[in-house]
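**Student:** here's a sequence, model it:
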Amino acid sequence: MSKVPATVITGFLGAGKTTLIRHLLNNAQGRRIALIINEFGDVGVDGDLVKGCNDASCPEDDIVELANGCICCTVAGDFLPTMQKLLDRPNPPDHIVIETSGLALPKPLVKAFQWPNIRTRATVDGVVALIDADAVAAGRFATDEAALAAARAADPNLDHDSPLEELFEDQLGCADLVILNKTDLVDAAALATMKANLAEEVREGVRLVHAAHGAVDPAILLGLASGAEDDLDARPSHHDGNEDHDHDDFESFAVSGGEVGDLENLLDRLTTLIRTHDILRVKGMVALADKPTRLVIQAVGPRIQHHFDRRWQAGEARRTQLVVIGQTGLDRAAIESGLAEAIA
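**Tutor:** Residues are numbered from 1 along each chain as shown. Next up, the predicted model:
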């Protein structure tokens, strides 16, 4: 029997993984795709964002959320049993897509495919690293280690720990394909510089692909046939030899409420709170009092985007739910207070 191929999609917070997956499902071309979604935080919202976008290629029963912790830290307890259940089905999926959280290390997940009950039945078709080109162009994440080291050496006040940067590099180092998303927001010169820098971080032969709004042809995304689980030594990681993966540098929480009467007021409050508290990411669903459709909000740093994705279903609670993610030390009380009136 041939092995079921699996694609691991990594990417930093706000890179556009959910949008990429929605596009993939809407252009599945007859493939039956199962999704494993790993949400970081108290409440998973990504599953709700993809459910129902293409029932024929990925019914709701084939969407599995792992919200009990980072997928790379809970491989044995969560991921492996989930994989086995999918593979044990009388009619297993044609392809499995695994969306990691923005904080997951890809290598431990790939290594899990060496597990005896998995390796004979599934293989890592490819590891895809999705990058927010607009954020990188703005210097949100450094790709030049030498320059960063020099700056730190010259300034004793700079923090010498770099968990965000190391995570970014680990995702690049494990990738079989790198997708530069949101390139429509970056000019040609900045894009050329970014690609030159990234080319030094990825393994030889790894392609860099441009995308806007996560629109990547499935023929490019799937069918890489990398067999990544048999190629781990060629995928460098800052955490090689260290099984621990500390998430203490990040925290998240959910803010829930009812219907929102004034969208502009909510967006203004979010803009102020993101700037004041240096929030990395906000995402979730909003129920607008005068609209029959659900509003999706995605914020990466100061950039806030929103769109309507589907109608509220009969009997479904019209609730607003936002997940806030940032580095440790977020003033949760102040952020919840700042949003309270807007989503009461």
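**Student:** kindly export stretch 227-236 (C-alpha atoms) in PDB.
**Tutor:** C-alpha atoms of stretch 227-236 as PDB (Å, rounded to 0.1, in the frame of the first residue of the first chain):
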ATOM      1  CA  GLY A 227      10.100  12.100   2.700                       C
ATOM      2  CA  ALA A 228      11.300  14.600   5.300                       C
ATOM      3  CA  GLU A 229      11.200  12.100   8.100                       C
ATOM      4  CA  ASP A 230      14.100  10.300   6.400                       C
ATOM      5  CA  ASP A 231      16.100  13.500   5.900                       C
ATOM      6  CA  LEU A 232      16.200  15.000   9.400                       C
ATOM      7  CA  ASP A 233      20.000  15.400   9.700                       C
ATOM      8  CA  ALA A 234      19.900  17.800   6.700                       C
ATOM      9  CA  ARG A 235      17.400  20.000   8.500                       C
ATOM     10  CA  PRO A 236      19.200  22.200  11.100                       C
END
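**Student:** what comes into contact with it?
**Tutor:** If you take Cβ atoms under 8 Å, 6 or more residues apart in numbering as the criterion, stretch 227-236 is touched by 8, 107, 110-111, 113-114, 119, 123-124, 126-127, 173-174, 176, 203. (C-beta placed from N, C-alpha, C; glycine too.)
**Student:** rerun at 7 Å
**Tutor:** 107, 110-111, 113-114, 119, 123-124, 126-127, 173-174, 176, 203 (Cβ atoms under 7 Å, 6 or more residues apart in numbering).
**Student:** which parts of the chain are helices?
**Tutor:** For the chain, the helices defined by DSSP state H occupy 17-26, 46-50, 80-87, 106-111, 116-119, 133-137, 145-154, 163-174, 188-199, 218-221, 263-277, 332-340.
**Student:** Val300: which of those is closest?
**Tutor:** Val300 lies closest, by Cβ to Cβ, to one member of those: helix 133-137, at 6.3 Å.
**Student:** coming back round to it: and the helices of the chain: which comes nearest Lys3?
**Tutor:** Per Cβ to Cβ, nearest to Lys3 of these: helix 116-119, 8.3 Å.
**Student:** that closest one packs against which elements?
**Tutor:** Contact analysis of helix 116-119 by 3 or more Cβ pairs under 7 Å, 6 or more residues apart in numbering; DSSP states H and E lists helix 80-87 as its packing neighbours.
**Student:** buried stuff in the helix it packs on?
**Tutor:** Buried positions in helix 80-87, judged by neighbour count with 16 or more other Cβ atoms under 10 Å: Leu80, Thr82, Met83, Leu86, Leu87.
**Student:** hmm, Pro106 and Thr10 touching each other?
**Tutor:** Yes. Using Cβ atoms under 7 Å, Thr10 is in contact with Pro106, at 4.8 Å.
**Student:** touching both of these two, which residues are there?
**Tutor:** Common neighbours of Thr10 and Pro106, using Cβ under 7 Å, 6+ apart, are Thr100, Val127, Gln171.
**Student:** mind listing what the second one touches?
**Tutor:** In this case it means Val127. Val8, Thr10, Pro106, Val110, Cys174, Ala175, Asp176, Ala228.
**Student:** give me that answer again for 10 Å
**Tutor:** Residues near Val127 by Cβ atoms under 10 Å, 6 or more residues apart in numbering: 6-10, 98, 100, 106-107, 109-110, 171, 173-178, 206, 224, 226, 228, 231, 235.
**Student:** what about Thr120, how many neighbours?
**Tutor:** Burial of Thr120 is recorded as 11 neighbouring residues (other Cβ atoms under 10 Å).
**Student:** check contacts around Ala137.
**Tutor:** Contacts of Ala137 (Cβ under 10 Å, 6+ apart): Leu180, Lys182, Thr183, Leu185, Val186, Asp187, Ala189, Ala190, Leu191, Thr193, Met194.
**Student:** need phi/psi at Asn91.
**Tutor:** Dihedral pair for Asn91: phi -130, psi 80, per degrees, to the nearest 10.
**Student:** picking up where we left off before, where among the helices of the chain is average confidence lowest?
**Tutor:** Of all the helices of the chain, mean pLDDT reaches its minimum on helix 145-154 (a mean of 47).
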